[in-house]
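**Q** Model the structure of this input:
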Amino acid sequence: MKKEHMHHQHHHQQEEHHQQLIQSAMLHTSQAYLQNLVVYFLFFGSGLVIGITLSFYLKDIPSNLQLKQFSSTTTSNILARPHVAPVVHQPPPLPPATIIQPPPPPPPVREGGLEEYLTTPNVMHDMKEEELIWRASMKPKVREYPFRRTPKVAFMFLAKRDLPMAPLWELFFRGHQGLFSIYVHSQPSYNASVPPDSVFYGRRIPSKEVAWGEFSMIEAERRLLANALLDVSNQRFVLLSEACIPLFNFKTIYNYLMESTTSFVESYDLLGPVGRGRYDSHMMPYVTLEDWRKGAQWFEMDRELAVEVIADRIYYSVFKKYCKPACYSDEHYLPTMITKKFPTKNANRTLTWVDWSRGGPHPLKFIRTDISPDMLYRMRTGKQCLYNGNPTNVCYLFARKFTVNALDRLLRFAPMVMHF
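**A** The predicted model follows:
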């Protein structure tokens, strides 16, 4: 029994010694691990301090030198550090695949072609006066047109208010769409409407105030010409008043104008107070007394001359400055300028018949009782003149001044006399 107790005590002592050995080994292992961890932290801290120091130092060194020094320092640091296994971070999982729709194709680029150049702006546009004149004065040097073009006649009405002869003109234009254009210049204060089915609907141009006998008449004529020139199909240009009527049907007038080799601006030298007496010597040297001409305001001209008229700066400025009442620019500006610059392009006569037999500053007005077939025939063929160098008795295509109460008789006689 005692022996057995001693054996048990001895066995217990051996287990305690074994436990002490295990604890001693574990303590030694922990100390070694702690030492390694401290070493690693020292290396990491040293590298961090060196990196921060280099970053401040390299700010004052040129970029190429910085790159070299940084490369050298980095290499030496890498060689000096003990090998540490890199920590591999797994990338986050990819989002589910989505179908990306391609962007819509860009709209087709419309290249600027001839169609855009030939597009005529609306009659009631927003161009300033100088912009209008600039655009209208463009003139191609090549005479042949690279597209199909039907020449048109531009009928330009310079009116105070409405057009009392409009029903007669409606009858005249009927059935000839595509062969004419209409432009109306009236006082800005006039705002009466025009029926949508009328040929005059939407044909009023941006207008300004016009005073009889003043230079504003020339400005209005120029404005009408410029707007009409925007349409490249307009070949002939006729200036008319609200009191004008046609003396022939559309086909006769169209052919007469299109086949003419000249323009029709009345121009003559007149002695006396209402002729040369209106000349101002301040116009020299551009206009001399011998250059001075007079003529009717109502003209007809081809496209080439119309461009020259609106592009004129010299004579336009001279007349605006020196031709003031009792010098009337509308009777002298175009006759003088065209005779001086383009004498061979002009027939020196007007196509609009008027009656000055009573004298005074205004021609005779025709009322209802004046209208008869004989009177209309006399206006149509009662005079001899030259047309393309040949004699003819068709010298006037239009006539004025007709009052509104003469309209009913004109409408009655038009089919018989004027054939429309």
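**Q** just the helices in the stretch 201-350 of the chain please.
**A** Under the criterion DSSP state H, counting those that start in this stretch, the stretch 201-350 of the chain contains helices at 216-229, 250-258, 303-311, 314-322, 329-341.
**Q** Averaged over its residues, which helix or strand of the protein has the lowest pLDDT?
**A** helix 63-80 (a mean of 45; mean pLDDT, DSSP states H and E).
**Q** Check which residues of stretch 171-182 are buried.
**A** By neighbour count on 16 or more other C-beta atoms under 10 Å, the buried set for stretch 171-182 is L171, F172, F173, H176, L179, F180, S181, I182. Bear in mind the C-beta positions are built from the backbone N, C-alpha and C, glycine included.
**Q** With stretch 235-254 instead?
**A** Taking 16+ other C-beta under 10 Å as the criterion, stretch 235-254 shows 235-250, 252-254 as buried.
**Q** Repeat that for stretch 209-227.
**A** Along stretch 209-227, these residues count as buried under the neighbour rule (16+ other C-beta under 10 Å): 210, 214-227.
**Q** same check, this time on stretch 384-400
**A** Quick answer for stretch 384-400 (16+ other C-beta under 10 Å): Y387, V394, C395, Y396, L397, F398, A399, R400.
**Q** Ok, stretch 315-327 next?
**A** Y315, Y316, V318, F319, Y322, C323, C327.
**Q** now do stretch 146-157
**A** So for stretch 146-157, counting by 16+ other C-beta under 10 Å, buried means K152, V153, A154, F155, M156, F157.
**Q** What is the neighbour count of the closest residue to S186 other than its chain neighbours?
**A** Spatially, and ignoring its direct neighbours in sequence, S186 is nearest to A159 (4.6 Å; C-beta to C-beta, 6 or more residues apart in numbering). A159 is flanked by 21 other residues according to other C-beta atoms under 10 Å.
**Q** Can you check the pLDDT for A159?
**A** Model confidence at A159, given as pLDDT, is 96.
**Q** surely it meets A192?
**A** No - between A159 and A192 there is no contact under C-beta atoms under 8 Å: 11.3 Å.
**Q** where do the strands sit along this protein?
**A** 152-158, 180-185, 234-241, 245-246, 300-302, 352-353, 385-387, 390-392, 398-399 (DSSP state E).
**Q** The first one pairs with which strands?
**A** What that stands for is strand 152-158. Partner strands for strand 152-158, per DSSP bridges, with pairing direction: strand 180-185 (parallel), strand 234-241 (parallel).
**Q** coming back round to it: now the two most distant members of the buried residues of stretch 171-182.
**A** Spanning the widest gap among the buried residues of stretch 171-182 are L171 and S181, at 18.0 Å by C-beta to C-beta.
**Q** From S281, how far out is T336?
**A** 14 Å (C-beta to C-beta, to the nearest Å).
**Q** quick one on the thing from earlier: for the helices of the stretch 201-350 of the chain, which one sits closest to L271?
**A** helix 329-341 (14.3 Å).
**Q** tell me what the closest one is packed against?
**A** Using 3 or more C-beta pairs under 8 Å, 6 or more residues apart in numbering; DSSP states H and E, the elements in contact with helix 329-341 are helix 216-229, helix 303-311, helix 314-322.
**Q** Fine by me, thanks again.
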